[in-house]
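# need a 3D model of the following:
(chains A and B)
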Amino acid sequence: MIRFDNVSKRYPNGRDALSGVSFEMERGDFVFLTGPSGAGKSTLLKLIALIERPTRGTVLVNNQNLARISRRRIPAFRQRLGVVFQDHKLLYDRSVFDNVALPLVIAGASRRETEKRVRAALDQVGLRGRESHAPITLSTGEQQRVGIARAVAPRPDVLIADEPTGNLDPDLSLEIMELFTRFNEVGVTLLIATHDLELIERLPHRRLRLVGGQMSDDKNRRRA
Amino acid sequence: MEALRHYLRLHRDNCVDAVVRLVRQPFASSLTILVIAIALALPAGLRVAVNNADALSESWQGAADFTVYLKLDVTTDAARRTARTIEARDDVAGVTLVDRDAALAEFRAKSGFGEALDALNTNPLPHALVVRPESGVAADVEALASAVGKLPEADVVQVDTAWVARLRAMLALAGRLVDFATVLLGLAVAIVVGNTIRLEINNRSVEIEVTKLVGGTDGFIRRPFLYLGLCYGLAGALVATLVVTLGLLLLDSPVRAVAALYGSSFALRGLSPVEMGVLLAGGGLLGWAGAGLAAARRLRAIEPK
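Predicted structure coming up:
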């Protein structure tokens, strides 16, 4: 589903964020990406979302070589990818419903389909009935769940998340992780960057560890 | 079919959203709209002025009357005879005799030279005949004037249509200048809208970034800004129409008063429905274009980080 082949990323300022990273994820995998801050976790996710392009190496998502996706075709690619951000990236001048509906509206879903999927997504994250609320009136944990609902509403094959529990207390963090586990159970491939080791120690999923831009560890890998 | 419905719904939503945004910040948007309105009202108002002057000069074109001043020694009876002679011609529609005594009395009353005239022993004014030709064509008028001028009683024939031709030439020039001003001010409208949209894009950079992150295409992201530009342009054009109409309304009664003094029933012509349509469509189009220019440059620069 996701494959990195000897991928390096050097930013224009000369900093090497990733050097020679290779790994592979199967469809339906649930993988944690760990490592100290500055290890290159965010850069790795940005390469998957085509926010950045690698300096060297190949990134494949769903058998598609991302280097071959032109600027014009990035939107279509991103429509099939769910992304969750540490800072939620919600639009505060719109209701919860409109936030979650945004990717569906972009993809051209009918009104009825949009309403159905928004309700379903909000239901999954435990925010049913909050459609008309303004995001600012919700707690941080609830806002993060709105962000997750937005990412899963179009039913993407792959969901990537950058420190989704970074601002949450341990109980809320566990709740979010359980949410991700439920998505994984219905077949969504997940790659979640986090430095919350305490939290993920309690979960059985595979762990990739980045240190200084290099892959240093690959634990709990399922053997085929 | 479903895709088309979705597309139309997006456009409608964008349109409604644009209007809501304008209404939500009434002060800022009304300032912008006023600037646009002034830039549109100026060429529209000038155009109306030139059109009216054109219409006025056209009504003068037909009036090719000329005046024949008779020799000073021609008596009133002889003048009447001459008038009848001229009136008998086929190419003459009518002749009015201006009696020298009546003319002097009127001149004394209206010119303010009354005392100076008293110093004269004799009436310095000759009898005059105002001839109205059958035809308004310049060549016919010239021919008639020269024939009448050969009569023994005639002294001077004064044909004065040249100034009408000069006025019309000047109006044509004024029309060109208005064209030029229209282009420049139209450009100004596009720039004003473009700049406003540029600021709006900067203010909404988070929204643009997020929309790009969840797969929004350039067209999807650009559209609300194009509609905003369209709304600015349309609103400006609407206010400009009101300003021009109101201005004409204010000028109407003084113009009628002046026209009445000259014995004319001339009345100001306002913007025709077609001209209003052109003004509105032009304003909308300029707003759309200005927004498009601003969006093309700025939207590309805002990328998720």
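# and residue A:53, how far from chain B?
12 Å (C-beta to the nearest C-beta, to the nearest Å). (Each C-beta comes from the backbone N, C-alpha and C, glycine too.)
# list the contacts for the residue nearest the centre of chain B?
Residue closest to the average C-alpha location in chain B (C-alpha atoms, centre = their mean): residue B:48, at 2.1 Å. Residues near residue B:48 by C-beta atoms under 8 Å, 6 or more residues apart in numbering or on different chains: B:244, B:248, B:268, B:269, B:270, B:271, B:275.
# on the three-state scheme, the fourth one is what?
Put simply, residue B:269 is coil when judged by DSSP: H, G, I helix; E, B strand; the rest coil.
# would you mind measuring from it to residue B:258?
Distance of residue B:269 to residue B:258, computed by C-beta to C-beta, to the nearest Å: 16 Å.
# what's near enough to touch residue 95?
You didn't pick a chain, so chain A it is. Counting by C-beta under 8 Å, 6+ apart, residue A:95 touches A:131, A:132, A:133, A:134, A:135.
# ah, no, chain B please
Residue B:95 neighbours (C-beta under 8 Å, 6+ apart): B:83, B:84, B:86, B:87, B:129, B:130, B:131, B:132.
# list the buried residues for the strand or helix carrying the last one?
This points to residue B:132. Taking DSSP states H and E as the criterion, the element that holds residue B:132 is strand B:128-133. Of all the residues in strand B:128-133, those buried under the rule 16 or more other C-beta atoms under 10 Å in any protein chain shown are B:128, B:129, B:131, B:133.
# what do you get for stretch B:1-10?
Quick answer for stretch B:1-10 (16+ other C-beta under 10 Å): B:6, B:10.
# helix, strand, or coil at the residue most central in space within chain A?
Note on chain A: the residue nearest the mean C-alpha position is residue A:160, at 1.8 Å, using C-alpha atoms, centre = their mean. For residue A:160, the secondary structure call by three-state DSSP comes out as strand.
# number of residues surrounding residue B:170?
12 (other C-beta atoms under 10 Å in any protein chain shown).
# on the three-state scheme, it is what?
Residue B:170 ends up helix, using three-state DSSP.
# gap between it and residue B:259?
Distance from residue B:170 to residue B:259, by C-beta to C-beta: 20 Å.
# chain A: helices as residue ranges?
A:41-48, A:74-79, A:96-107, A:111-124, A:140-152, A:170-185, A:197-201 (DSSP state H).
# how about low-confidence regions in the stretch 101-250 of chain B?
The stretch 101-250 of chain B contains residues with pLDDT under 70 at B:136-137, B:160-162.
# give me every residue in it lying close to chain A.
B:206-207, B:209-218, B:220 (C-beta under 8 Å from any C-beta of the partner chain).
# let's see it at 10 Å
For the stretch 101-250 of chain B, the residues in contact with chain A (C-beta under 10 Å from any C-beta of the partner chain) are B:204, B:206-207, B:209-221.
# return the member of those residues nearest to residue A:104.
residue B:214 (9.4 Å; C-beta to C-beta).
# which ones are touching the closest one?
Residue B:214 is in contact with A:75, A:78-79, A:81-83, A:89, A:99, A:102-107, A:150-151, A:153-154, B:304, counting by C-beta atoms under 10 Å, 6 or more residues apart in numbering or on different chains.
# could I have the buried ones of those as ChimeraX selection syntax?
Applying 16+ other C-beta under 10 Å to the contacts of residue B:214 leaves a buried subset, and the ChimeraX line that selects it is:
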select /A:75,78,79,81,82,83,89,99,102,103,104,105,106,107,150,151,153,154 /B:304
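# report the secondary structure state of the residue of the stretch 201-305 of chain B found nearest chain A.
Using C-beta to the nearest C-beta, the closest approach of the stretch 201-305 of chain B to chain A is made by residue B:215 at 3.4 Å. State at residue B:215, reduced to three classes by three-state DSSP: coil.
# where does the prediction get shaky in chain A?
Short version for chain A, where the test is pLDDT under 70: A:222-224.
# may I ask you to confirm that the residue of the stretch 201-305 of chain B closest to chain A is in contact with residue A:153?
No - counting by C-beta atoms under 10 Å, residue B:215 stays clear of residue A:153, with 11.9 Å between them.
# residues near residue B:163, how many?
So residue B:163, with other C-beta under 10 Å, has 10 neighbours.
# report the distance from the helix or strand containing residue B:86 to the chain centre.
For residue B:86, the host element (DSSP H and E) is helix B:76-87. Mean-position distance between helix B:76-87 and its chain equals 44 Å (C-alpha atoms, centre = their mean, to the nearest Å).
# which other residues reach that helix?
Outside helix B:76-87, the residues that touch it by C-beta under 10 Å, 6+ apart are B:68, B:70-71, B:74-75, B:92-101, B:126-132, B:144, B:147-148, B:151-154.
# and the residues you listed, which are buried?
B:68, B:70, B:74, B:92, B:95, B:97-98, B:100, B:126-129, B:131, B:144, B:148, B:153-154.
# give the contact list for residue B:2.
A:108, A:109, A:110, A:113.
# who wins on neighbours among the residues you listed?
residue A:109 leads the contacts of residue B:2 on contacts (other C-beta under 10 Å) with 20 neighbours.
# separation between that residue and residue A:133?
For residue A:109, the distance to residue A:133 - C-beta to C-beta - is 22 Å.
# same thing with residue B:231?
Using C-beta to C-beta, residue B:231 is found at 29 Å from residue A:133.
# of those two, who's got more company?
Between residue B:231 and residue A:133, counting by other C-beta under 10 Å, residue B:231 is the more crowded of the two (25 against 15).
# tell me which element the more buried one falls in.
Judged by DSSP H and E, residue B:231 forms part of helix B:218-261.
# hey, what's the angle from the helix or strand hosting residue B:23 to helix A:111-124? Just curious.
Secondary structure from DSSP H and E places residue B:23 in helix B:2-24. In terms of direction (axes from the mean of the first three to the mean of the last three C-alpha atoms, to 10 degrees), helix B:2-24 departs from helix A:111-124 by 70 degrees.
# how big is the angle separating helix B:2-24 from helix B:218-261?
60 degrees.
# report the angle between helix B:2-24 and helix A:96-107.
Going by the same axes, to 10 degrees, helix B:2-24 makes 130 degrees with helix A:96-107.
# send the alpha carbons of helix B:2-24 over as PDB?
Taking Å, rounded to 0.1, in the frame of the first residue of the first chain, the C-alpha atoms of helix B:2-24 are listed here in PDB:
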ATOM      1  CA  GLU B   2     -25.800  14.400 -11.300                       C
ATOM      2  CA  ALA B   3     -22.400  15.900 -11.900                       C
ATOM      3  CA  LEU B   4     -23.900  18.900 -13.600                       C
ATOM      4  CA  ARG B   5     -26.400  19.400 -10.700                       C
ATOM      5  CA  HIS B   6     -23.500  19.300  -8.300                       C
ATOM      6  CA  TYR B   7     -21.500  21.800 -10.300                       C
ATOM      7  CA  LEU B   8     -24.500  24.200 -10.500                       C
ATOM      8  CA  ARG B   9     -25.100  23.800  -6.800                       C
ATOM      9  CA  LEU B  10     -21.400  24.700  -6.100                       C
ATOM     10  CA  HIS B  11     -21.800  27.800  -8.200                       C
ATOM     11  CA  ARG B  12     -25.000  28.800  -6.500                       C
ATOM     12  CA  ASP B  13     -23.400  28.200  -3.000                       C
ATOM     13  CA  ASN B  14     -20.300  30.300  -4.100                       C
ATOM     14  CA  CYS B  15     -22.600  33.100  -5.200                       C
ATOM     15  CA  VAL B  16     -24.600  33.100  -2.000                       C
ATOM     16  CA  ASP B  17     -21.400  32.900   0.000                       C
ATOM     17  CA  ALA B  18     -20.000  35.900  -1.900                       C
ATOM     18  CA  VAL B  19     -23.000  38.100  -1.100                       C
ATOM     19  CA  VAL B  20     -23.000  37.000   2.500                       C
ATOM     20  CA  ARG B  21     -19.400  38.000   2.800                       C
ATOM     21  CA  LEU B  22     -20.000  41.400   1.400                       C
ATOM     22  CA  VAL B  23     -22.900  42.000   3.700                       C
ATOM     23  CA  ARG B  24     -21.000  40.700   6.700                       C
END
